[in-house]
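A.B. asks: predicted model and sequence below, questions to follow.
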Amino acid sequence: MVQQDGLRQQNGLKPAAMAIPKEGYFKLEKGRYGPIFPRTPINYGFTIIAKLKPGREAAMREYGNLIEKTIREAPEALAVLKLHSLKWVLFDINKETYFMYQGVFDTDFDKYSEDAVQLFTQTGITTAFVNLEGFPDDWKTNAPAVIKFVREHHHPSFLEYGEYPYATADEIKKALRLKQAFSEMLDLMQ
Amino acid sequence: MIKDAERSGILELNDIQHFLITRTPALAARYEFLTFHKPEQGRAWLAAILEKVGNAKDVGPHAPDARWVTVAFTWNGLRALGADDASLATFPEEFRQGMAARATIIGTTGVNAPDHWVGGLANLDLHAIVILFARDVEERERCRFEHRRFLQECGVEAISSLDLEALPPYDYAHEHFGYRDRLSQPVVEGTGEVPTPGSGRPLKAGEFFLGYPDETGVVPLLPKPEVLIRNGSFLAYVRLQEHVGAFRDFLREHGKTPQEQELVAAKLMGRWRSGAPLVLSPDKDDPGLGRDMQRNNDFNYKAMDPHGYACPVGAHIRRMNLRDTGHNMERRKMIRRGGTYGPPLPADAPEDGVERGIAAFIGCASLVRQFEFAMNVWVNDPHFMDLGNERDPIIGTQDGTYDVTIPKRPVRKKIKGLPAFTTVKGGAYFFLPGITALRFLAAGAREATSR
């Protein structure tokens, strides 16, 4: 951690890569729900890979439209998660369909697990997960089981790279706002 | 009756131990930490002390009911009383493990770690706590002798104890550093209590008592059997030593005049020692505001003090209740109880080395979601609110390597290497059963298998 923070202070604009041990962390540090995964040049994130229940592909794809609509109508709907990006992917292995949820965000997942689950419930992400094998039937009343499912299906990266390492979404948005304001100011000076 | 209550969500005050709902006019207390060598001894003790355990309907500040005893058990204690394995396995993992095993998660490390704890609190043979409240020290001593004789009769051993006394002056609650206490407490729906301005709406009972809908609108998955858990709560107990000498030295080091010293104390807490919140009175103390319960909690941060110029972002009260700057705050509230122990250190006296502090309980429905979250994220995460290298200045685990930032125009003030003003001397997780559940435990806890 000291090394990462040092890197951050050194130069936020100098690209950085981090190779990560198989376990997903350098040293076991216990969080409330399991090991804490380290901050990397792209901050935090997870890659959930789970098998889709047979015949659920169309239902799952429909959630793409639902989330798009949710964000269009309420752009701040996922703000709590401090996300940089999300990718939802469906792919086949041996005629079975798998779902990959890859998120990059600025908060240590363990610390805000319950907030994430609550948001998943509010935005319909949890009901998308119902199409996945092994997702707890009692997800509505059993948040710890949802958190357990996410952790059990998380595949830690063994390499992460950041072109602008350790920058948070807030910092990037501030920089973009500044650029926009500066650009408007220049326009006004014409 | 249970089904009726479930439908209506009516709080069964006559089946809930009074501890988390009503306060008694007690100026003294004694905590005794017990171990049961044989299940039948523990059950005999419980069966007999049950008549002294009061409920939240009948015990209160002005009620004549003097059943002021509170009883709670560790997971090992429930097992030692004879609860069956199938039931025990349904309790949450953090409770089964106990606080000592979760020390790195809640951040009680270094000199705060369980291997330094006193009173046998980290030991697996800690089975129960009994809390004896008394009007005064004399009455406490009477209870103490009576209970000791009673323990001997039952063959139950007290592995340690702690005597508590309110600090003078007795007309308001405060702790050894001198801060007014009990200013911000959640109100539970169904108790009839009215929240003070700024304290938010009453919260669903399921946030604190098992068997009721919580803020999600449903009854969460609970341990079994229902007779054991209904109307129960989880308690996190923490014995927190306060280093009054070090605290006063720090104030003197960073404040030239008494007024400056008071401001430093206020910046660490977020309130003046009188209780007046910095957001409402940023530049000077206002004791009238501090004692006025209709005004002293009526403020927020995002709208009134977004940058922390009045109340620093890392101040104790701004961490423990984020108000309008936090998410899902209604899911993170806890009921605080407890009191002060040890003699007060006179204002002009140097540190005398005598242990003094607060011995507090945090009542909640989920230790991992409420208590452990607060300790892990709000108290001890150096990156809380992007501060980078700070922990709670009052109760955080400090080892001289963290800072405290006081936003100020034109230039902020940063104090590096904050010393520790408190040390965790012990802690434990308890389950505080309802009255029916206590009877069930006293009777052997065995019809549990018909879940």
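C.D. replies: Nice, I can see it.

A.B. asks: roughly how far is the helix or strand containing A:F120 from the heart of the chain?
C.D. replies: In the assignment (DSSP states H and E), A:F120 maps to helix A:113-123. Counting by CA atoms, centre = their mean, to the nearest Å, helix A:113-123 is centred 13 Å from the centre of its parent chain.

A.B. asks: can you tell if it touches chain B?
C.D. replies: Yes: residues of helix A:113-123 are located near chain B by CB under 8 Å from any CB of the partner chain, namely A:114-115, A:118, A:121. Glycine gets a C-beta too; all of them are placed from N, C-alpha and C.

A.B. asks: from the contact counts, what lies against that helix?
C.D. replies: Using 3 or more CB pairs under 8 Å, 6 or more residues apart in numbering or on different chains; DSSP states H and E as the contact test, the elements touching helix A:113-123 are helix A:125-129, helix A:143-152.

A.B. asks: report the buried residues of the longest one.
C.D. replies: I take that to be helix A:143-152. A:143-151 (16 or more other CB atoms under 10 Å in any protein chain shown).

A.B. asks: any idea which of the helices and strands packed on helix A:113-123 scores lowest on pLDDT?
C.D. replies: Note on those: lowest mean pLDDT is at helix A:125-129, with a mean of 88.

A.B. asks: please report phi then psi for B:N231.
C.D. replies: Per-residue torsions, B:N231: phi 70, psi 10 (degrees, to the nearest 10).

A.B. asks: run a quick neighbour tally on it.
C.D. replies: Using other CB atoms under 10 Å in any protein chain shown, B:N231 is surrounded by 26 other residues.

A.B. asks: wait, doesn't it sit right on B:A205?
C.D. replies: No: if you go by CB atoms under 8 Å, B:N231 and B:A205 don't touch, sitting 9.4 Å apart.

A.B. asks: overlap in contacts of those two?
C.D. replies: Common neighbours of B:N231 and B:A205 are not found (criterion: CB atoms under 8 Å, 6 or more residues apart in numbering or on different chains).

A.B. asks: so where do the helices sit in the stretch 51-200 of chain B?
C.D. replies: Remark: helices assigned in the stretch 51-200 of chain B by DSSP state H, counting those that start in this stretch are B:75-81, B:85-88, B:93-97, B:103-106, B:137-154.

A.B. asks: check those helices for me and report the most buried one.
C.D. replies: helix B:75-81 (a mean of 22; mean count of other CB atoms under 10 Å in any protein chain shown).

A.B. asks: run through chain B and note the low-pLDDT ranges.
C.D. replies: B:1-9, B:447-451 (pLDDT under 70).

A.B. asks: which residues of it lie near chain A?
C.D. replies: Residues of chain B lying near chain A (CB under 8 Å from any CB): B:92-94, B:104-105, B:216, B:218-221, B:327-328, B:331, B:368-369, B:372-373, B:376-377, B:381, B:386, B:388.

A.B. asks: let's see 7 Å
C.D. replies: B:104-105, B:218-221, B:327-328, B:331, B:368-369, B:372, B:376-377, B:381 (CB under 7 Å from any CB of the partner chain).

A.B. asks: how about residue 26, nearest residue that isn't a chain neighbour?
C.D. replies: Using chain A. A:P38 (6.1 Å; CB to CB, 6 or more residues apart in numbering or on different chains).

A.B. asks: my bad, the chain I had in mind was chain B
C.D. replies: Leaving aside its sequence neighbours, B:A26 sits nearest to B:F133 (CB to CB, 6+ apart; 3.9 Å).
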